[in-house]
Every structure is written in C-alpha cells, then in structure tokens.
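predicted structure and sequence below. I'll ask about it afterward.
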Amino acid sequence: MRLLPHPATEDIELTEVLRALSDPVRLQIALRLSVAGEMNCTTAGDDLGVHKSTASHHYRTLREAGVVLTKQEGRLKYMSLRRADLETRFPGLLDAVLSAAALHEAQAARDQRVAADAPAGRPSGVEAHAPV
C-alpha cells in the first residue's frame, strides 16, 4: 500500500478546506465518505454525473486540501475522510459542513417529491377554489 502526497495536519489551511468543500460534486463525495468510511475511487464516483477525468480532479483537490486520505493498493485508490486531522485543526467544522449538506440534500429530495405529487397545471401549494 502506498500513500499519495498529503499535507501534514498542521499545514491544512481553512481556506483550502472550505474551497474544496464548496463544490457540489466534492461535497457529495465527502458525504458519501462520511457514511461509508472508506471507498475506492470508482465506487465514490458512481452516479456523480461527471467524467472519470473530472472525478479524478475532484479527488486530487480534496486530497491536496487535506480533506481526504488517499492510499493506493495496486491499481485501486481508496479514500477516507481525515476526520481526526480536521477535528484537530478546525474543531466541529467537518461535522457542521456535512450536517448542513445532508439537511440541504434531504430538503431538495422532499421538494422534488412534493413537485412530483402536485396536480398537473397547478403549482404546488395552490388550492383549487370552487366557483362562486
């Protein structure tokens, strides 16, 4: 197993972590890693809606910012969140960002369900009125 280059814990910068997590695709990757613990890059990139080369760019950005730890085993690369390192540098930051992202994702899913259930031709939340 070989570790790719990562910043040391004391070299992780707040602005770089926030920049890395400000992209919706990278935030989705971080959410997936927070649930799964560790994922190979192929699995983490499933259904992101980006090309493989773009996904690789996002993985590198997260690694170079100090958000993820990437290790290589043969041809596969595995990622995990650097929770302990980020908690040491910026207590509560990662959990706050991931919690907010999960809430936002849940709200978006609820909004989609409401829109899908709304009768055709009438915006959701608008009641039909009987003629007077």
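Nice, thanks for sending it over. Just so it is clear, the model here is predicted, and its values are computed rather than measured. Residues are numbered from 1 along each chain as shown.

who touches the biggest helix by length in the chain?
Determined from DSSP state H, the single longest helix within the chain is helix 93-117. By Cβ atoms under 8 Å, 6 or more residues apart in numbering, the list of residues contacting helix 93-117 from outside reads 14, 17, 21, 27, 30-31, 34, 67, 81, 83, 86-87, 124. For glycine as for every other residue, the C-beta is placed from the backbone atoms N, C-alpha and C.

and stretch 11-20, by the same measure?
Under Cβ under 8 Å, 6+ apart, the answer for stretch 11-20 is 26, 61-62, 64-67, 82, 85-86, 89-90, 93.

next, the buried residues of the helix or strand encompassing A30.
Following DSSP states H and E, the helix or strand that holds A30 is helix 24-36. Judged by neighbour count using 16 or more other Cβ atoms under 10 Å, the buried positions of helix 24-36 are V25, R26, L27, Q28, I29, A30, L31, R32, L33, S34.

look up how far A84 lies from the fourth one.
Applying Cβ to Cβ, to the nearest Å, one obtains 22 Å for the distance of Q28 from A84.
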